[in-house]
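*Asks:* Sequence first, predicted model second:
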Amino acid sequence: MQQFPVFKTKISGDTKVFNLDDPKQIEPYFQHKIGHEIAKIKDYLNENTFVAYLLGKKNAGKGTYSKIFMNIFGSERVSHLSVGDIVRGVDDEMKDPKKKEQLISYLKKNYRGYHSLKDIIKSQEERGTGKPLLPTEYILTLLKREIERIGRKVLFIDGLPRSLDQISYSLFFRELIGFRDDPDMFILFEVPERVIDERLKYRVVCPVCYTPRNLKLLVTSKVGYDEQKKKFFLKCDNPGCKEAIMVPKEGDELGIEAIRDRLVSDQQLIDQAFSLFGIPKVLLRNTVPVEKAIDLVNDYEITPGYDMKYDEPSKKVSVFKTSYVVKDDFDVDSYSLMPQAVAVSMIKQIADNLGL
Ligand SMILES: [Zn+2]
């Protein structure tokens, strides 16, 4: 395992402060830090696109970064393709006889591979019951179909490559989908396992709008306390959700141990992609060593932790922002960065890779 380089987002002499929890300050923040690169990429996207393969451990937050990119550059120019979501979407199509027929007719025209269509439909229907992964050639056909629907946009692809033998498919994927002249690149994520562990263990989701939050790392404005369970809880901030109580997901309390095998294979994939020649890479590091933080980032770019106290007589909950220090995978005391700060690094590196 190779450690990714640290990235400097701090502009020397800069005293401006942003609150990255406030959605209104996000755009001014990006303009302030990388307005120049954003303008150049916008210009580039008027005529061109690119393909980016997102490679990181499960729960590294890959979806977050394509979303940030999409918010800056517009969903008419950018699309996030999750192989997992596409395959789940096919489950629904299978339930509708007409859509199932359309899918099979598409596959008949476009699929080439070692397994018969009959077998593939069967594996798709029995998916998730401990059966082996769906064949790569089938996944590629589904991706091709999705890309035909989307049209010519920047693509962030999450879930391909999923295994070591799929890496070479991704190297030639743009030729397969007819993106011949568009640049492609790998975006690799480095997030310490301890951060992933706490994101999982303390994760809660709104039962109405599915917004995820975290009891330790990302709270809402309304924190409550359940006297019977002796536990704090969060209420959703979204006005439409009428203060719905956010709930943990089944299995999350186990943290990373429940996904240990997956983390090991994801790491192998990252290592392999890291050592590839010829394809540009974007290296995103979630942490900065505590010792170097002052030179590299602004305080407001560091993810805080939250502590809560319950006062029984007044039944009031107080929430305190604390400094969240975590050991990275190389055992160095580190701060975890806010996603926007990591996105600053991503956008700069993308601009570089596109030669802008
Ligand atoms: Zn909600």
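*Replies:* Thanks, I have the structure now. Please read all numbers here as calculations on a predicted model, not as lab measurements.
*Asks:* Apart from its neighbours in sequence, what residue is nearest the residue in the stretch 51-200 of the chain that the ion sits nearest to?
*Replies:* Using C-beta to the ion, the closest approach of the stretch 51-200 of the chain to the ion is made by K67 at 17.0 Å. For the C-beta atoms, the positions are set from N, CA and C on the backbone; glycine is no exception. Residue nearest to K67 in three dimensions, not counting chain neighbours: H80, with 7.0 Å by C-beta to C-beta, 6 or more residues apart in numbering.
*Asks:* Using just helix, strand and coil, how would you label that neighbour?
*Replies:* On the three-state scheme (DSSP: H, G, I helix; E, B strand; the rest coil), H80 is labelled strand.
*Asks:* ok, it touching M70?
*Replies:* Yes: here H80 reaches M70: they are 6.7 Å apart, a contact under C-beta atoms under 8 Å.
*Asks:* of these two, who's got more company?
*Replies:* Ranked by neighbour count (other C-beta atoms under 10 Å), H80 and M70 place H80 first, with 21 against 18.
*Asks:* What is the helix or strand where the residue of the stretch 51-200 of the chain closest to the ion lies packed up against?
*Replies:* Using DSSP states H and E, K67 sits within helix 62-73. On a contact count with 3 or more C-beta pairs under 8 Å, 6 or more residues apart in numbering; DSSP states H and E, helix 62-73 meets helix 26-45, strand 51-55, strand 78-82, strand 154-158, helix 339-353.
*Asks:* repeat that with 7 Å
*Replies:* In terms of contacts (3 or more C-beta pairs under 7 Å, 6 or more residues apart in numbering; DSSP states H and E), helix 62-73 is packed against helix 26-45, strand 78-82, strand 154-158, helix 339-353.
*Asks:* and it, which residues are buried?
*Replies:* K62, Y65, S66, K67, I68, F69, M70, I72, F73 (16 or more other C-beta atoms under 10 Å).
*Asks:* Including pLDDT and distance to K348, could these go into JSON lines?
*Replies:* Formatted as JSON lines, the buried residues of helix 62-73 follow (pLDDT from 0 to 100; distance: C-beta to C-beta, whole Å):
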{"residue": "K62", "pLDDT": "91", "distance to K348": "18"}
{"residue": "Y65", "pLDDT": "94", "distance to K348": "13"}
{"residue": "S66", "pLDDT": "93", "distance to K348": "17"}
{"residue": "K67", "pLDDT": "93", "distance to K348": "18"}
{"residue": "I68", "pLDDT": "95", "distance to K348": "13"}
{"residue": "F69", "pLDDT": "97", "distance to K348": "12"}
{"residue": "M70", "pLDDT": "96", "distance to K348": "18"}
{"residue": "I72", "pLDDT": "97", "distance to K348": "13"}
{"residue": "F73", "pLDDT": "97", "distance to K348": "14"}
